[in-house]
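Colleague: Got a sequence here, can you build the structure:
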Amino acid sequence: MSRRILRPLPFVLALAAVLWCAWIGVLIWKTPIVIEGITAQSTEAGAEPPRTFREVRSFGDSSVLGFLPLAIPVILAAGAALIARLHAPGFLAAVVVLFLGYVFITGFSIGGAYHGPAAVLAAALIADVMLSWKGWQAAEA
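Modeller: All right, here's what the predicted structure looks like:
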């Protein structure tokens, strides 16, 4: 396959990751969080019987930082798309590593939802490196 035909592949993959991250952010923002538990209190008069409770909250109500945790992956993926468009594999590698670090750090809460976009960004990086490789260019000449 011609290198010219494959040249936009890293950008297309990174753009797919941007859209995927935005979609995941909307889903997480809209999905209700159900909290259930049992509470027990003791007062000076004695212990009260345990009570069960159930709360339904949105992500916005539960998140101290608001929508920022959902915006960071979109911003990083958009930066990766811009860098992939410029065909700069070194900078793209830096942004992909930042994205993977974010997914790792937030892995116990929302980070698990971003494994797919992380894989797509890694594929965009591999494609960009392969298309920038001088050996590929020499083989086609």
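Colleague: Now for the nearest residue to Leu98 once chain neighbours are set aside, which secondary structure element holds it?
Modeller: Closest residue to Leu98 apart from its sequence neighbours, by C-beta to C-beta, 6 or more residues apart in numbering: Leu76 at 5.8 Å. C-beta coordinates here come from the backbone N, C-alpha and C atoms, glycine included. For Leu76, the enclosing helix or strand under DSSP states H and E is helix 68-86.
Colleague: For that helix, name the packing helices and strands.
Modeller: Packing contacts for helix 68-86, counted by 3 or more C-beta pairs under 8 Å, 6 or more residues apart in numbering; DSSP states H and E, involve helix 9-30, helix 89-105, helix 115-132.
Colleague: Give me the contact list for the helix or strand just after the longest one.
Modeller: The one in question is helix 9-30. Later in the chain than helix 9-30, the nearest helix or strand by DSSP H and E is strand 33-39. Contacts to strand 33-39, defined as C-beta atoms under 8 Å, 6 or more residues apart in numbering, come from residues 50-59, 62.
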